[in-house]
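Colleague: Any chance you could fold what I've pasted below:
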Amino acid sequence: MEHQDKQDKISIHLFISFLRLGLSAFGGPAMIVYIKDLAVNRKKWLDEATFNDGVSLCQSIPGATAMQMAAYVGLRSNGVIGGLLSFTGFGLPAFALMLMLSIAYASAQELPFVISLFKGLQIIVVAIIANATYSFGKGIFKNYKEILIALAATASLWLGVSPFVVIIVAAFAGLVFFINTGAPAPPAHVGKSDERIFRKLVLLFMIFLAGIAGLYLLNTKLFNLAAVMLKIDLFAFGGGFGSVPLMLHEVVDVRRWIDSKTFMDGIALGQVTPGPIVITATFVGYLMHGFLGALAATLAVFTPSFLILTGIMPFYDKLKTSVYFLRATKGILATFVGLLFYAALKFGSAVQWDTIRILLGLTAFAALMRKIDILYVVLIGAIISVIIF
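Modeller: Below is the predicted model of the structure:
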């Protein structure tokens with residue numbers, strides 16, 4: 001009983017901690033650095049090596065990387081329940097805000113106040129990603145080889161190469177370049193933990209299948225919406241941004257549920273809300289079928305990647321005992337820095353820079369470098385944006 005009470009307290013603490021972090025989860029994959037600060041530096045839930053293992057794993061499977069890392073921390077800290085609560089807590093603020101914006105959008109079709117509010121916040125997002133690129137790169141880069149892989153990844157992404165292809169190539173580059181990687185860690189004894197994870201995973205999967213079957217029997221329109229979002233998540237390699245062309249193809253080109261302009265409005269709202277850009281699924285779901293549509297689309301676009309992560313976790317401790325896997329992992333981690341750098345360039349190129357915007361961006365970057373809480377930086381940036389813009 002005492003052990004169960006302790007586990008329950010850890011689960012609640014995970015949910016509250018990631019709920020708070022989710023309120024300021026701007027910048028997509030840049031949030032991984034702030035998840036690391038929470039899980040490794042402040043709460044001591046994981047050590048740095050275990051966290052970096054998670055980054056490599058989450059980069060290699062479909063789904064929004066930051067959401068996956070929230071789940072990874074919870075899974076490592078307190079099993080499947082911890083992973084589910086961390087995952088939910090981190091994504092809940094994005095869902096709630098996107099739902100409110102979708103309701104406002106559907107009512108007015110224009111959001112001048114929101115657009116004005118987030119003009120400055122977009123600059124804060126650039127500062128967040130730039131700081132994350134520097135912070136994560138500082139811990140990863142050991143020699144020129146990592147830097148070259150990161151720059152090659154950035155260039156490839158800029159030229160339109162699929163992130164999935166970039167990650168695979170980086171893994172092979174790691175096998176070739178990092179021959180002198182140290183000895184792998186000894187195998188971990190995780191047999192009983194594996195069995196518990198598999199039992200809970202099977203239960204979650206059965207609940208998931210029951211939910212899909214229920215939608216099919218009760219509401220075929222919601223089922224079709226959920227099926228499309230499930231498909232998108234299963235193939236969204238390379239993080240949340242990997243879902244955008246897939247969603248555009250399925251929602252606009254193939255099914256013509258909404259037009260291209262409306263979809264791009266949803267993408268814009270997704271970029272100024274906390275959480276991954278794939279939260280645009282909430283927007284699409286609400287416009288299609290109201291609150292139930294928003295809920296079904298959101299659950300469907302996140303559930304498969306969570307189940308994949310949970311299913312792979314028991315094997316990961318054994319995988320990382322391979323020297324070949326360690327070498328490939330180094331290449332993947334360098335690629336992640338390249339992805340962050342690409343995101344910083346992409347967001348930065350979208351801003352119409354002038355003296356005021358440059359000063360705001362540099363001030364936010366300096367504040368983040370001095371370890372000022374990201375939530376305060378975002379809130380103060382929003383207030384300044386209302387006053388200036």
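Colleague: ranges for the helices of the stretch 201-350 of the chain?
Modeller: Assigned by DSSP state H, counting those that start in this stretch, the stretch 201-350 of the chain shows helices spanning 220-234, 243-247, 260-272, 280-319, 323-349.
Colleague: Let me have these in TSV, adding distance to Leu99 and mean neighbour count as columns.
Modeller: No exception for glycine: its C-beta is placed from N, CA and C like everyone else's. Formatted as TSV, those follow (distance: least, C-beta to C-beta, whole Å; neighbours: other C-beta atoms under 10 Å):
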stretch	distance to Leu99	mean neighbour count
helix 220-234	15	20
helix 243-247	17	20
helix 260-272	11	18
helix 280-319	5	22
helix 323-349	24	22
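Colleague: and Ile128, which of those is closest to it?
Modeller: Among these, helix 323-349 comes nearest to Ile128, with 9.1 Å by C-beta to C-beta.
Colleague: any chance of the helices of the stretch 201-350 of the chain in a markdown table, with distance to Ile129 and mean pLDDT too?
Modeller: Formatted as a markdown table, the helices of the stretch 201-350 of the chain follow (distance: least, C-beta to C-beta, whole Å; pLDDT from 0 to 100):
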| stretch | distance to Ile129 | mean pLDDT |
| --- | --- | --- |
| helix 220-234 | 23 | 91 |
| helix 243-247 | 17 | 75 |
| helix 260-272 | 12 | 74 |
| helix 280-319 | 19 | 89 |
| helix 323-349 | 4 | 76 |
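Colleague: if we compare those helices, which one ends up closest to Ala171?
Modeller: Between Ala171 and the helices of the stretch 201-350 of the chain, the tightest spacing by C-beta to C-beta is seen for helix 323-349, at 4.0 Å.
Colleague: For the stretch 101-250 of the chain, give me the ranges with low pLDDT.
Modeller: Counting by pLDDT under 70, the stretch 101-250 of the chain contains low-confidence ranges at 108-119, 139-140, 163-164, 180-198, 237-242.
Colleague: okay, now the nearest residue in space to Thr303 that is not next to it in sequence: neighbour count?
Modeller: In space, and not counting its chain neighbours, Thr303 is closest to Phe208: 5.9 Å by C-beta to C-beta, 6 or more residues apart in numbering. Around Phe208 sit 17 other residues, with neighbours defined as other C-beta atoms under 10 Å.
Colleague: can you check the one 3 residues further on too?
Modeller: Residues near Gly211, counting by other C-beta under 10 Å, number 15.
Colleague: distance of it from Ala227?
Modeller: 12 Å (C-beta to C-beta, to the nearest Å).
Colleague: ok, now which ones touch the residue nearest to Val169 when sequence neighbours are not counted?
Modeller: Of all residues not flanking Val169 in the chain, Ser156 sits nearest, at 7.8 Å (C-beta to C-beta, 6+ apart). Applying C-beta atoms under 8 Å, 6 or more residues apart in numbering to Ser156 gives the contacts Val165, Val166, Val169.
Colleague: before we move on, back to that, same list (the helices of the stretch 201-350 of the chain) but as JSON lines, adding distance to Lys142.
Modeller: Shown next, in JSON lines, are the helices of the stretch 201-350 of the chain (distance: least, C-beta to C-beta, whole Å):
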{"stretch": "helix 220-234", "distance to Lys142": "34"}
{"stretch": "helix 243-247", "distance to Lys142": "32"}
{"stretch": "helix 260-272", "distance to Lys142": "33"}
{"stretch": "helix 280-319", "distance to Lys142": "22"}
{"stretch": "helix 323-349", "distance to Lys142": "9"}
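Colleague: which residue packs closest to Leu230, ignoring adjacent ones?
Modeller: With C-beta to C-beta, 6+ apart, the residue lying closest to Leu230 is Ala300, at 4.9 Å.
Colleague: what's that neighbour in contact with, if anything?
Modeller: Leu225, Ala226, Ala227, Val228, Met229, Leu230, Asp233, Ala281.
Colleague: again, but for Ile12
Modeller: Listed by C-beta under 8 Å, 6+ apart, the contact set of Ile12 reads Leu85.
Colleague: could you redo the last one with a cut-off of 10 Å?
Modeller: With contact taken as C-beta atoms under 10 Å, 6 or more residues apart in numbering, Ile12 is in contact with Leu85, Gly89.
Colleague: do the same with Ala328
Modeller: Counted by C-beta under 10 Å, 6+ apart, Ala328 has contacts 56, 60, 167-168, 170-176, 178, 181, 319, 322.
Colleague: quick one: which of these is nearest Leu379?
Modeller: Looking across the contacts of Ala328 and measuring by C-beta to C-beta, the closest to Leu379 is Ser56, at 32.6 Å.
Colleague: tell me the average confidence for the strand or helix carrying the closest one?
Modeller: Using DSSP states H and E, Ser56 sits in helix 48-60. The average pLDDT within helix 48-60 is 82.
Colleague: how much does that helix deviate in direction from helix 280-319?
Modeller: 130 degrees (axes from the mean of the first three to the mean of the last three C-alpha atoms, to 10 degrees).
Colleague: Please spell out which residues along helix 48-60 are buried.
Modeller: Buried residues in helix 48-60, counted by 16 or more other C-beta atoms under 10 Å: Thr50, Phe51, Asn52, Asp53, Gly54, Val55, Ser56, Leu57, Cys58, Gln59, Ser60.
Colleague: of all those residues, which comes closest to Leu292?
Modeller: Cys58 (29.7 Å).
Colleague: what residues are up against the closest one?
Modeller: If a contact means C-beta under 10 Å, 6+ apart, then Cys58 has 29, 32, 64-72, 239, 305, 309, 312, 336 as its contacts.
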